[in-house]
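>>> With the sequence up front, the predicted model follows.
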Amino acid sequence: MYGEEPLFGLLNRIGTPVEGHRPWPRYRLGRDGWLRLIEGLAGNGWSLLGLWGEPKAVHAAFREDFSGDVAVVSLDCPQGRFPSLSTVRPAANRLERAAHDLYGLVAERTTDPRPWLDHDAWGVRRPLSEQPAAPVPNPGPYTFLPVEGEGLHQIPVGPVHAGIIEPGHFRFTANGETVVRLEERLGYVHRGVEGLMQGRPAAEAAKLAARISGDSTVAHSLAFARAVEAALGVEVPARAVWLRALMAEMERIANHLGDIGAICNDAAFAFMLAQTSQLRERVLRTADACFGHRLMMDRVIPGGVATDLPERGAGLLLELVAELRKRFPPLVAIYDGKASLQDRTVTTGFVSAELVTRFGAGGHVGRASGRDQDARRSPGYAPYDGLTFEVPVLTEGDVNARVWVRIREVEQSLSLIEQIVARLPAVSRGLDHPSVALEAGRGGEGMALVESFRGEILTWVRLDGEGVVTRCHPRDPSWFQWPLLEAAIGGNIVADFPLCNKSFNCSYAGHDL
Amino acid sequence: MLKHILTSLTGGPVTEAAPAPSDPALAELAGKLDKAAKARLGRSLSIREVDAGSCNGCELEIHALNNPIYDLERFGIRFVASPRHADVLLVTGPVARNMREALVRTWEATPGPKWLVACGDCAVSGGLFAGGYACVGPVEEVLPVDLRIPGCPPRPTDLLAGLLALLETSAAR
Ligand code: SF4
């Protein structure tokens, strides 16, 4: 935005750069600096990209969307307290609650101090802090926000839902059929990923990164690998860079196809799911034939990729593209022409442009509400800087717009696959595999921003001199989308919730970690 | 749309032949079911899926069983919304402690005779998540497991072969 102080301008005044953080700078702030940052945030439009804790420090990442500048800021908190960012960046709230539950860090003057990931079931409190504490004896129930008013009733749903879906709790307050408020309670699938990554060599921690959210296994592996490579200053072979993008686009198409069908299915149009699920299966089988795993799990590794494309791979991929180009458009035409379907999806689950900007929501949620952001383009990473693609952006902000963003992205990804196959660099001389070994004896801090099918992933990592992970924070795009689902369902009927929820398709596992 | 339906009707089925029931699964299930239960269940099984801390990879492949290519329902196996309607709980994930109570309550809500199938490496052994503060580990530490389908995630054909073994066992007279 014009007229704002540039990101680095303010940070250079209030903080000191930390050595060895790549590729973007990290600034250490004092408490005064942190307070000035909060003041600055109240008046500028910087996007919060993430916030994570350590035993005695808190970090946050920001981007100035206009220039694309990215930076990390850190505050040492020896007393375990820091001034909350939630008053100026509401999306910080749940991240701060998570930092509290894991590290015991207290966010002062927060908008909401309730626990988030800690459900009093771990047998320990603040498990990742220097001094984990004994559990609270006889913990009380979680307090939901109070609701008052005539004729209101509540509908509790979950954590176990009616379909083959991940677990989470939804507390609806309704007036007759209309939802007045939805409150989410998440954390049920918290597996302690961040804690498990700590103390493992990068190659092992990569396996955990691949299992943060199975549907984005390629994207999360890529974000982790890129962060590690940034920290160590490793350059991966060109062929690996392109194969990674190939897998990422395959993953994007497979998920979008599944979602488009599932959304229509939740609008009682099962035909579409029957069709798109066949196309999805086609993509997964091609992935299996090319990379040896249907979801391409553990195929992107720090240093490169674990499997090269077999000789017949290019042919299989081009066949797949040709088949999808033939079979997908007629389905799109059906979606577009079915009044009964449009009746369910148009104007349903509206999210305003103002809200997606305030929460920094990306992916189809942001782009269906006018937020023109895609990590493949800004900050951008190879090989996308050399590829031609469009980032579809719509402004209607409803379920229909989120479907259309996906449809357009499938088309773009098909073209990307074609371009990649045509230009795939040869295997580098002297390597039988498109990957390089990570040198031991070097450490550092690195960060990566990667566009998954769901939106932008941020992964931050610190490695010690032995190449062992001492702290890793993978922030799934869902963190900034879940809060908006609460807004999207307001004023809609309860029966439209599955539809709205599916149109978001946030990850529970990716969020709960 | 009409054209599409016509093509679907005349194009022949896309459904593929079923895999044989999995031998290891048959062996694991042998003797697990008494006569009375078999008579009650016949050749049909209702499954309730419970995610107890999965990464959602297993769910994606379980979903695939419902697509027209694997078409699980042709065998009389279907997914149901409530544990009260279920014969089988299909459990994924390394039992996140935050899900433990919900899992146990879902099992208790399932009427007998009932089975529990552990789906995926996480549910079978805890996978990479065993040993942390947040997960219990294998499902069998919490509930009795009748059948294990390993894999990360198991392929739809592996899932199918395992579930068919369950069906064979339950239907054998
Ligand atoms: S077995 Fe693999 S795919 Fe299944 S939940 Fe565990 S990590 Fe995910």
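Noted; the coordinates are in hand. No experiment lies behind these values; they were computed from the predicted model shown. Numbering: from 1, shown residues only, chains lettered A, B, ... in the order given.
>>> now for the longest helix along chain B, which elements pack on it?
The helix of greatest length in chain B, counted in residues with DSSP state H as the criterion, is given as helix B:156-171. The criterion is 3 or more C-beta pairs under 8 Å, 6 or more residues apart in numbering or on different chains; DSSP states H and E, and the helices and strands that helix B:156-171 contacts are helix B:23-29, helix B:35-41, strand B:45-51, helix B:57-64, strand B:115-119, strand B:147-149. Where you see a C-beta, it was placed from the backbone N, CA and C, and this is true even at glycine.
>>> Nearest to the ligand, out of those?
Nearest to the ligand among the helices and strands packed on helix B:156-171 is helix B:57-64 (2.8 Å), distances taken as C-beta to the nearest ligand atom.
>>> In the helix or strand that that closest one is followed by, which residues are buried?
The first helix or strand that comes after helix B:57-64 along the chain, using DSSP states H and E, is strand B:77-79. Of the residues in strand B:77-79, B:Ile77, B:Phe79 count as buried by neighbour count, 16 or more other C-beta atoms under 10 Å in any protein chain shown.
>>> just stretch B:140-156 next, same as before
Applying 16+ other C-beta under 10 Å to stretch B:140-156 flags B:140, B:142-143, B:145-156 as buried.
>>> Render the CA-only coordinates of that stretch in PDB, please.
Coordinates of the C-alpha atoms in stretch B:140-156 are reproduced here as PDB (Å, rounded to 0.1, in the frame of the first residue of the first chain):
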ATOM      1  CA  GLU B 140      -4.800 -51.800  20.400                       C
ATOM      2  CA  GLU B 141      -3.500 -50.000  23.500                       C
ATOM      3  CA  VAL B 142      -6.900 -48.500  23.900                       C
ATOM      4  CA  LEU B 143      -9.300 -51.000  22.300                       C
ATOM      5  CA  PRO B 144      -9.200 -54.600  21.100                       C
ATOM      6  CA  VAL B 145      -8.200 -54.800  17.500                       C
ATOM      7  CA  ASP B 146      -9.500 -57.600  15.200                       C
ATOM      8  CA  LEU B 147      -7.800 -56.700  12.000                       C
ATOM      9  CA  ARG B 148      -4.800 -54.600  10.900                       C
ATOM     10  CA  ILE B 149      -4.400 -53.100   7.500                       C
ATOM     11  CA  PRO B 150      -0.900 -51.600   7.400                       C
ATOM     12  CA  GLY B 151       0.300 -49.100   4.800                       C
ATOM     13  CA  CYS B 152       0.900 -45.400   4.800                       C
ATOM     14  CA  PRO B 153      -1.700 -45.000   3.700                       C
ATOM     15  CA  PRO B 154      -2.900 -48.400   2.700                       C
ATOM     16  CA  ARG B 155      -3.800 -48.500  -1.000                       C
ATOM     17  CA  PRO B 156      -7.600 -48.800  -1.800                       C
END
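>>> per-residue confidence averaged over that stretch?
Mean pLDDT, computed over stretch B:140-156, is 96.
>>> Quick one: distance of it to the chain centre.
In this view, stretch B:140-156 has its centroid 8 Å away from the chain centroid, taken as C-alpha atoms, centre = their mean, to the nearest Å.
>>> Excluding chain neighbours, what is closest to B:Ala130?
If the residues on either side of it in the chain are set aside, B:Ala130 comes closest to B:Gly137, at 4.1 Å by C-beta to C-beta, 6 or more residues apart in numbering or on different chains.
>>> And for A:Pro83?
Nearest non-adjacent residue to A:Pro83 (C-beta to C-beta, 6+ apart): A:Glu108, at 5.1 Å.
>>> That neighbour and A:Glu130, how far apart?
Using C-beta to C-beta, to the nearest Å, one gets 20 Å for the distance from A:Glu108 to A:Glu130.
>>> Give me the neighbour count for whatever residue of chain A ends up closest to chain B.
Here chain A gets closest to chain B at one residue, A:Gly214, 2.5 Å apart by C-beta to the nearest C-beta. A:Gly214 has 26 neighbouring residues, counting by other C-beta atoms under 10 Å in any protein chain shown.
>>> How confident was the prediction at it?
A:Gly214 carries a pLDDT score of 97 in this model.
>>> In this structure it contacts B:Pro153, no?
Yes: taking C-beta atoms under 8 Å as the definition, A:Gly214 is a contact partner of B:Pro153 at 6.9 Å.
>>> what residues are shared contacts of those two?
A:Leu295, B:Gly57, B:Cys58, B:Leu60 (C-beta atoms under 8 Å, 6 or more residues apart in numbering or on different chains).
>>> secondary structure element for the first one?
Here A:Leu295 sits in a region with no helix or strand, counting by DSSP H and E.
>>> What distance do you get for it to the ligand?
From A:Leu295 over to the ligand the distance is 8 Å, taken as C-beta to the nearest ligand atom, to the nearest Å.
>>> does A:Phe497 sit in a helix, a strand or a coil?
helix (DSSP: H, G, I helix; E, B strand; the rest coil).
>>> burial of it, as a residue count?
Taking other C-beta under 10 Å as the neighbour definition, A:Phe497 ends up with a count of 21.
>>> residues contacting it?
Neighbours of A:Phe497 in contact, by C-beta under 8 Å, 6+ apart: A:Phe170, A:Phe172, A:Val179, A:Leu182, A:Ile489.
>>> Next one: it from A:Gly386, what distance?
As for A:Phe497, its distance to A:Gly386 is 42 Å (criterion: C-beta to C-beta).
>>> Check A:Ile14 too.
Here the distance between A:Ile14 and A:Gly386 works out to 37 Å (C-beta to C-beta).
>>> who has more neighbours, the two?
Remark: of A:Ile14 and A:Gly386, A:Ile14 carries more neighbours, 19 against 9, as counted by other C-beta under 10 Å.
>>> which residues touch that one?
The contact partners of A:Ile14, by C-beta under 8 Å, 6+ apart, come to A:Tyr27, A:Leu29, A:Asp32, A:Gly33, A:Arg36, A:Leu37.
>>> Skip the chain neighbours and tell me the closest residue to it.
Distances taken as C-beta to C-beta, 6+ apart put A:Gly33 closest to A:Ile14, at 3.7 Å, once the chain neighbours are dropped.
>>> Which element, helix or strand, includes the one you found?
With DSSP H and E as criterion, A:Gly33 is part of helix A:31-43.
>>> If we go by neighbour counts, what in that helix is buried?
For helix A:31-43, the buried set under the neighbour-count rule, 16+ other C-beta under 10 Å, comprises A:Gly33, A:Trp34, A:Arg36, A:Leu37, A:Ile38, A:Gly40, A:Leu41.
>>> repeat for stretch A:476-489
So for stretch A:476-489, counting by 16+ other C-beta under 10 Å, buried means A:476-485, A:487-489.
>>> surely A:Arg376 meets A:Glu451?
Yes: the pair A:Arg376 / A:Glu451 is scored as a contact, 4.6 Å apart, by C-beta under 8 Å.
>>> between those two, who's got more neighbours?
Neighbour count, other C-beta under 10 Å: between A:Arg376 and A:Glu451, A:Glu451 has more, with 25 against 21.
>>> tell me the pLDDT at that one?
pLDDT, A:Glu451: 98.
>>> Next, the contact list for the closest residue to it other than its chain neighbours, please.
Excluding the flanking residues, the one nearest A:Glu451 by C-beta to C-beta, 6+ apart is A:Ala375, at 4.0 Å. For A:Ala375, the residues meeting the contact criterion (C-beta under 8 Å, 6+ apart) are A:Gly362, A:Tyr381, A:Leu449, A:Val450, A:Glu451, A:Glu456, A:Ile457.
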